[in-house]
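Undergrad: my questions are about this predicted structure, shown below with the sequence.
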Amino acid sequence: MKHDKHDKHVVLIDDESDVVEAVSEMLELEGFSVSGFTDPNAGLRSLDHHCQSVVLCDVKMPDVDGLTLVTAIQHRAPQVPVLLMSGHGDIPMAIEAIKLGAFDFLEKPLNADELIEKLNLAVTHCQQSQPSETDNASSASALPIESVIIGQSKSMDIVRQQVMALAHTGVDTIINGETGTGKEVIARALHDFSCRKEKPFVAINCGGMTESIIESELFGHEAGSFTSANKKRIGKIEQASGGTLFLDEIESMPIAVQIKLLRVIQERAIERVGGNTLIPVDIVVIAASKADLASLGESGEFRSDLFYRLNIASLHLPPLRQRKEDILVLFRHFVVQASLKYKTRPSTIYPEQSQQLSRHDWPGNVRELRNVADRFVLGIVGDGFDLTSPTGEGVGDDFAFEKQMEQYEKNVLTEALIESSGNINEVSNKLNLPRKTLYRKMKKHQLDKDSFKD
């Protein structure tokens with residue numbers, strides 16, 4: 001839905017229809033236009049990449065938790081500010097959502113003046129962050145680097161800083177990291193945030209290729225250069241001219257091909273297989289390796305001169321087990337992606353499932369995490385690690401115990417309120433609870449003192 005640039009439009013999402021009705025009426029009296037939704041998915045579908053709305057949504061709704069919803073909104077409409085409404089017991093979740101990029105949160109019951117003030121700030125923020133009409137299409141569609149390289153750990157902060165610094169220099173770079181850590185994501189970011197972003201990003205995996213195949217793939221060939229070469233072929237290096245060449249698993253490249261690649265990097269020119277004409281190429285080379293190329297160079301398994309030519313700059317991607325604080329952020333991101341891909345509703349991630357994710361060692365790193373998220377959304381079981389149901393054994397027992405304790409607490413409060421006919425002072429003294437704590441627990445269990453009066 002498109003709105004006038006100066007229109008103060010709010011997308012209101014709350015599963016309680018009376019809340020949507022009351023808040024909509026209040027906001028419209030204050031000069032806002034409001035689109036109200038009790039279905040989070042319908043609210044999400046109303047957003048697009050170019051909309052200039054502000055989202056005001058409940059942090060806790062059936063089937064969708066606030067963190068997953070914030071991630072989904074950022075994925076669909078990254079420029080849209082999200083204001084969360086949270087009950088007192090949900091404030092920790094709201095704070096986590098702000099770490100993920102939510103604009104702010106308000107505690108229920110809503111204070112009208114505070115709500116209007118924060119909505120006006122969010123509207124101003126949204127309008128200021130919109131690209132001007134003179135901006136070109138590429139900058140209008142650009143995402144912040146935090147939406148591309150995801151993670152809240154200190155190590156990923158450093159990686160993002162390195163990527164932004166190196167992208168502007170255009171130097172050849174080596175990316176080191178275990179299998180599945182996301183080396184190609186980093187390579188693409190180095191390209192997408194550089195002045196070469198409108199030119200080709202050409203990737204080739206050097207693993208498992210014979211010398212003749214990889215040579216033909218990289219350099220191309222002239223017609224008749226070998227038996228099956230019935231026509232000229234442009235190689236990957238030539239295709240990447242003006243842009244970026246990404247060589248994944250470069251440690252697997254045959255030594256003879258390494259020698260030819262070294263010459264290309266030195267001279268920025270190639271010869272096709274079977275040809276003798278030097279063809280100039282303008283490329284930035286990004287190589288990725290799960291092995292230590294310096295050590296391989298010392299043992300003669302990799303050309304040391306090629307390593308030093310490529311290693312003008314280097315990036316190291318830590319394994320997921322060393323940045324556990326990124327696991328849930330990444331998992332929610334992948335759950336949203338999978339939900340969009342398979343056209344399902346984003347599932348709630350229960351606290352005990354979050355614990356399972358954090359405890360796992362992730363030998364397959366981010367790739368393994370993405371696969372687990374896909375299976376979680378589809379509700380299927382695969383090889384290796386899978387999230388168990390909250391009602392299953394192990395962690396599920398912890399979940400059942402927590403629920404029992406919550407129910408016990410509610411029963412104790414209810415019994416005391418009945419005995420005191422809703423007199424808060426009596427309940428506070430009887431249970432030895434400060435009034436503030438008592439009110440918080442009553443709100444958590446939706447207990448109203450007036451309903452206990454004679």
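TA: Sure, I can see it. Numbering: from 1, shown residues only.

Undergrad: use CA for all of it now, contacts and neighbours both
TA: Noted.

Undergrad: got phi/psi on residue 291?
TA: Residue 291 has phi and psi values of phi -110, psi 160 when expressed as degrees, to the nearest 10.

Undergrad: for residue 210, see how far away the nearest residue to it once chain neighbours are set aside is.
TA: Once flanking residues are discounted, residue 291 sits nearest to residue 251: 6.8 Å by Cα to Cα, 6 or more residues apart in numbering. As judged by Cα to Cα, to the nearest Å, residue 251 and residue 210 stand 14 Å apart.

Undergrad: more neighbours: which of those two?
TA: residue 251 (24 against 12; other Cα atoms under 10 Å).

Undergrad: hmm, back to that, got the contact list for the residue nearest to residue 291?
TA: 206, 289, 290, 291, 293, 302 (Cα atoms under 8 Å, 6 or more residues apart in numbering).

Undergrad: got it, and residue 284?
TA: Counted by Cα under 8 Å, 6+ apart, residue 284 has contacts 170, 171, 172, 243, 244, 245.

Undergrad: who wins for most neighbours among the residues you listed?
TA: That'd be residue 244 among the contacts of residue 284, by other Cα under 10 Å, with 29 neighbours.

Undergrad: which residues does the residue nearest the centre of the chain contact?
TA: When Cα atoms, centre = their mean is applied to the chain, the residue found nearest the centroid is residue 333 (4.1 Å). Shown in contact with residue 333 (Cα under 8 Å, 6+ apart): 68, 71, 72.

Undergrad: most neighbours out of the residues you listed, which is it?
TA: Going by other Cα under 10 Å, residue 71 tops those with 25 neighbours.

Undergrad: three-state assignment of it?
TA: helix (DSSP: H, G, I helix; E, B strand; the rest coil).

Undergrad: go ahead and produce CSV holding the CA coordinates of stretch 343-354.
TA: Output of stretch 343-354 as CSV, limited to C-alpha atoms (Å, rounded to 0.1, in the frame of the first residue of the first chain):
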residue,chain,number,x,y,z
LYS,A,343,4.8,-20.1,2.2
THR,A,344,4.2,-21.1,5.8
ARG,A,345,3.7,-19.0,8.9
PRO,A,346,6.9,-18.3,11.0
SER,A,347,6.8,-20.7,13.9
THR,A,348,7.3,-19.8,17.5
ILE,A,349,10.7,-20.7,18.9
TYR,A,350,10.2,-21.8,22.5
PRO,A,351,12.8,-21.0,25.2
GLU,A,352,13.8,-24.6,25.7
GLN,A,353,14.4,-24.9,21.9
SER,A,354,16.6,-21.8,22.1
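
Undergrad: rewinding a little: in strands, which of the contacts of residue 284 appear?
TA: 244, 245 (DSSP state E).

Undergrad: with respect to residue 265, which of the contacts of residue 284 is nearest?
TA: Set against residue 265, the nearest of the contacts of residue 284 by Cα to Cα is residue 172 (9.1 Å).

Undergrad: name the nearest residue to that closest one, sequence neighbours excluded.
TA: Using Cα to Cα, 6+ apart, the nearest residue to residue 172 is residue 285, at 4.9 Å.

Undergrad: doesn't the one you found lie inside a helix?
TA: No: judged by three-state DSSP, residue 285 forms no part of a helix; its state is strand.

Undergrad: ok, what's across the strand from it?
TA: The bridge-partner assignment for residue 285, based on DSSP bridges, gives residue 245.

Undergrad: for the spatially closest residue to residue 188 that is not a sequence neighbour, which residues are in contact?
TA: Excluding the flanking residues, the one nearest residue 188 by Cα to Cα, 6+ apart is residue 201, at 7.3 Å. Contacts for residue 201 (Cα under 8 Å, 6+ apart) come out as 188, 191, 240, 243, 244, 245, 246.

Undergrad: now do residue 307
TA: Taking Cα under 8 Å, 6+ apart, one finds 293, 294, 297 in contact with residue 307.

Undergrad: what about the first one, distance to residue 309?
TA: Here residue 293 is placed at a distance of 12 Å from residue 309 (Cα to Cα).

Undergrad: ok, these two, which is more surrounded?
TA: Per other Cα under 10 Å, whichever of residue 293 and residue 309 has more neighbours is residue 293, with 23 against 14.

Undergrad: quick one: pLDDT of the residue nearest to residue 188?
TA: You'll see residue 201 listed with a pLDDT of 96.

Undergrad: that one and residue 283: what is the separation?
TA: In terms of Cα to Cα, residue 201 sits 10 Å off from residue 283.

Undergrad: same question for residue 348.
TA: In terms of Cα to Cα, residue 348 sits 45 Å off from residue 283.

Undergrad: neighbour-wise, which of these two wins?
TA: residue 283 (25 against 19).

Undergrad: distance of that one from residue 98?
TA: 40 Å.

Undergrad: who are the contact partners of residue 72?
TA: 44, 333, 336 are the contacts of residue 72 under Cα under 8 Å, 6+ apart.

Undergrad: would JSON lines of these with secondary structure and distance to residue 372 be doable?
TA: As requested, the contacts of residue 72 are arranged in JSON lines below (DSSP: H, G, I helix; E, B strand; the rest coil; distance: Cα to Cα, whole Å):
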{"residue": "44", "secondary structure": "helix", "distance to residue 372": "24"}
{"residue": "333", "secondary structure": "helix", "distance to residue 372": "12"}
{"residue": "336", "secondary structure": "helix", "distance to residue 372": "13"}
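
Undergrad: any idea which of those the model trusts least?
TA: Lowest confidence among the contacts of residue 72: residue 336, with 80.

Undergrad: quick check: residue 205 touching residue 245?
TA: No: counting by Cα atoms under 8 Å, residue 205 does not reach residue 245; the two are 11.0 Å apart.

Undergrad: now do residue 174 against residue 293, distance only.
TA: In terms of Cα to Cα, residue 174 sits 9 Å off from residue 293.

Undergrad: can you give me the distance of residue 448 to residue 441?
TA: 11 Å.
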